[in-house]
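Novice: The following comprises the amino acid sequence and a computationally predicted model.
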Amino acid sequence: MLKHTFRKDAFIVFFLLLLAKANAQSYYLLVGTYDSPKSEGIYVYKFSSGDGSAEEINHIKTPNPSFLTVSSNEKYVFAVNENADSTGKGGKVSSFIFNKKTGLLTYINSQSSEGNHPCYITKDKSNKWIYAGNYSSGNLSVLPVAKSGKLGKVIQVIQHEGSGPDSTRQKSPHVHGIFPKKNSNYFYVTDLGTDKIMTYHQNNKNGKLFPSKLKYTSVSAGSGPRHLDFYPSGKYVYLLNELSGSISVFKDFGNADLQEIQSHSSLPVTYKGKAGSADIHVSPDGKFLYASNRAGSNSIAIFSIDAKTGMISLVGHEYSGGEAPRNFNFDPTGKFLLVANQNSDEIVVFSVDKKTGLLTDTQNRIKVGKPVCIKWIKTK
């Protein structure tokens, strides 16, 4: 009797696994990398939402595509080419056509980013304009996009000024992120070198940016603002500071008017080394906040979010599964969190407990040299 029961239970489990696999949706996973002996451009994988596995489809050569953005219709992919030269204009921005049937990327063209080491790229809601942030030059540039996906030459360069107290990292401005505010024409620009979140208003006719009435929001001196993310309603903004390892929580009062309501370390209490914090994301359901820490910590911080106040409470930390967790991202179902461990040449796939926010290592690994950016495209 026990033998028959065991066989029946095993069959049920096997059947459920087959059913889950059959119903699993697959997505294209795009990975931006730094050049290395193990990488040479943008990589495309087919990712299964059933078991979190991935299979490489192809890759396309392009120098140091450290950050990517995808057009809203998912036909085009844009990448920075994070290079530099003695002229101060060694960086570029490149455009590619994406074929949803085959997963192939085809090069369209490149334009100068009008700065050195462009490290961030985004689009506006109309998909007519691309915005690139040049880290070493401390400026950001605006490029037009044709309906064909072809990039035009830069039409505007905004140069930041100032410095911060960290003599090794803040001698000059360093633009590190450009974040369109939801349902508006405002943009937040994080400047690691000046400890400011600059605020700009877009002219939606020509794509150019102009300082908002507020102009900027300051954070604690020496913090080094890097990346930010939004609560689903847009009412709260979460900023990760690279140098201090702190998370600044802001309430958004409209018109890019931010007021800090909380500051919390993203680092484990027992960790005493450098922060090197990198990326921050709110879970798709808005219940949890995650942040990555590099240096010796190599951790993912997990916080719960109070929906009424926007404030955060620490849930715990998870080992990133490798070295220097840079960018990370949720898969489109929210079931998995993928962490790009730059210095150990692989992406680690974690499953997400949507009730507790905790992460579990699935043991799935995506081997790729110097992964630093993760983006998604639907297969259909």
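Specialist: Happy to help now that I have it.
Novice: Now do the contacts for the residue nearest the centre of the chain.
Specialist: Nearest residue to the geometric centre of the chain (Cα atoms, centre = their mean): N327, 5.2 Å. With contact set as Cβ atoms under 8 Å, 6 or more residues apart in numbering, N327 has these partners: F67, A278, D279, S292, A340, P371, V372, C373, I374. Using the backbone N, CA and C atoms, a C-beta is placed for each residue, glycine as well.
Novice: quick one: buried residues of stretch 347-355?
Specialist: Neighbour-count burial for stretch 347-355, counted by 16 or more other Cβ atoms under 10 Å, picks out I347, V348, V349, F350, S351, V352.
Novice: what helix or strand is S220 on?
Specialist: Taking DSSP states H and E as the definition, one finds S220 inside no helix or strand.
Novice: Hmm, it is touching I247, no?
Specialist: No. Because the distance of 11.8 Å does not satisfy Cβ atoms under 8 Å, S220 is recorded as not touching I247.
Novice: Compare those two (neighbour count), which wins?
Specialist: I247 (22 against 15; other Cβ atoms under 10 Å).
Novice: Distance check, the more buried one against D345.
Specialist: Per Cβ to Cβ, to the nearest Å, I247 is found 28 Å from D345.
Novice: doesn't the residue nearest to the centre of the chain fall inside a strand?
Specialist: Yes. Applying DSSP: H, G, I helix; E, B strand; the rest coil, one finds N327 inside a strand.
Novice: which one of the buried residues of stretch 347-355 is nearest Y231?
Specialist: Using Cβ to Cβ, V352 comes nearest to Y231 of those, at 17.8 Å.
Novice: Leaving out chain neighbours, which residue sits closest to the closest one?
Specialist: Of all residues not flanking V352 in the chain, L337 sits nearest, at 5.4 Å (Cβ to Cβ, 6 or more residues apart in numbering).
Novice: ok, how many other residues are close to the one you found?
Specialist: Counted by other Cβ under 10 Å, the residues lying close to L337 total 25.
Novice: which of the contacts of N327 count as buried?
Specialist: Buried by 16+ other Cβ under 10 Å: F67, A278, D279, S292, A340, P371, V372, C373, I374, out of the contacts of N327.
Novice: what's the most distant pair in the residues you listed?
Specialist: F67 and S292 (14.7 Å).
Novice: Show me the shaky parts of the chain.
Specialist: Within the chain, the stretches with pLDDT under 70 are 1-23.
Novice: repeat that with 80
Specialist: Within the chain, the stretches with pLDDT under 80 are 1-24, 255, 380.
Novice: With only the CA atoms kept, save stretch 346-357 in PDB.
Specialist: C-alpha atoms of stretch 346-357 as PDB (Å, rounded to 0.1, in the frame of the first residue of the first chain):
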ATOM      1  CA  GLU A 346      28.200  35.200 -13.800                       C
ATOM      2  CA  ILE A 347      24.600  36.000 -13.100                       C
ATOM      3  CA  VAL A 348      23.000  34.300 -10.100                       C
ATOM      4  CA  VAL A 349      19.300  33.500 -10.300                       C
ATOM      5  CA  PHE A 350      17.300  33.800  -7.000                       C
ATOM      6  CA  SER A 351      13.700  32.800  -6.400                       C
ATOM      7  CA  VAL A 352      11.600  35.500  -4.600                       C
ATOM      8  CA  ASP A 353       9.200  34.700  -1.700                       C
ATOM      9  CA  LYS A 354       6.500  37.200  -2.400                       C
ATOM     10  CA  LYS A 355       5.200  37.000   1.100                       C
ATOM     11  CA  THR A 356       8.400  37.600   3.000                       C
ATOM     12  CA  GLY A 357      10.600  39.200   0.400                       C
END
